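1. Only the shape, not the letters, is given here:
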């Protein structure tokens, strides 16, 4: 009878539905020297729980925070310094490195011509896109009118029974 009760309590324990008193019964049973052979695996489990129940944490916890805030401040200062150095270097290192005055003048004129070409190209593309938009709107309106015509045709076919 006791063995059946213990097996039922183990089943409830595995399902997580035992009360504290039932768990205490299991602990008492498995702390004995003699346990049913098919339940010996549970004996190790409950002995472990009894053993670890008495353990306590004995290390001291430091209450002072580590000084990592100062390191983060210096890292941010270094990051800003690297960023400013990079901006300075890109602004001072123009294409003119190693160019003669004539070559730099030719480069600037070519650059201006390409900028002019790009701006005019964008204007032409914009006008074509506007025309394409007008054409799309016209096609949509025509499609709507065609749908009305199809509906009218279906209605007249039903009236005159031309199906």
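-> The structure has been received and is ready for your questions. This is a predicted model, so every value here is computed, not measured.
2. packing partners for the helix or strand where residue 147 lies?
-> Residue 147 belongs to helix 101-160 when assigned by DSSP states H and E. For helix 101-160, there is no helix or strand it packs on, judged by 3 or more C-beta pairs under 8 Å, 6 or more residues apart in numbering; DSSP states H and E. In short, each C-beta sits where N, CA and C put it, glycine included.
3. pLDDT on it, on average?
-> Helix 101-160 shows a mean pLDDT of 78 in the predicted model.
4. what about that helix, distance to the chain center?
-> Put simply, helix 101-160 sits 38 Å off its chain's centre (C-alpha atoms, centre = their mean, to the nearest Å).
5. what does stretch 155-163 give?
-> With C-alpha atoms, centre = their mean, you get 59 Å for stretch 155-163.
6. begin at 46 from here
-> Okay, residue one is now 46; in that scheme the one you just asked about reads as stretch 200-208.
7. buried set for it?
-> For stretch 200-208, burial by neighbour count (16 or more other C-beta atoms under 10 Å) applies to no residue.
8. next one: stretch 57-76
-> 58, 63, 67, 70, 71, 74, 75.
9. mind checking which helix or strand residue 118 is in?
-> Secondary structure assignment for residue 118, by DSSP H and E: helix 113-137.
10. Surely residue 57 touches residue 67?
-> Yes: between residue 57 and residue 67 there is a contact at 6.6 Å, judged by C-beta atoms under 8 Å.
11. list residues touching both of those two?
-> Counting by C-beta atoms under 8 Å, 6 or more residues apart in numbering, residue 57 and residue 67 have no contacts in common.
12. any idea how far residue 156 is from residue 164?
-> The gap separating residue 164 from residue 156 is 13 Å, by C-beta to C-beta, to the nearest Å.
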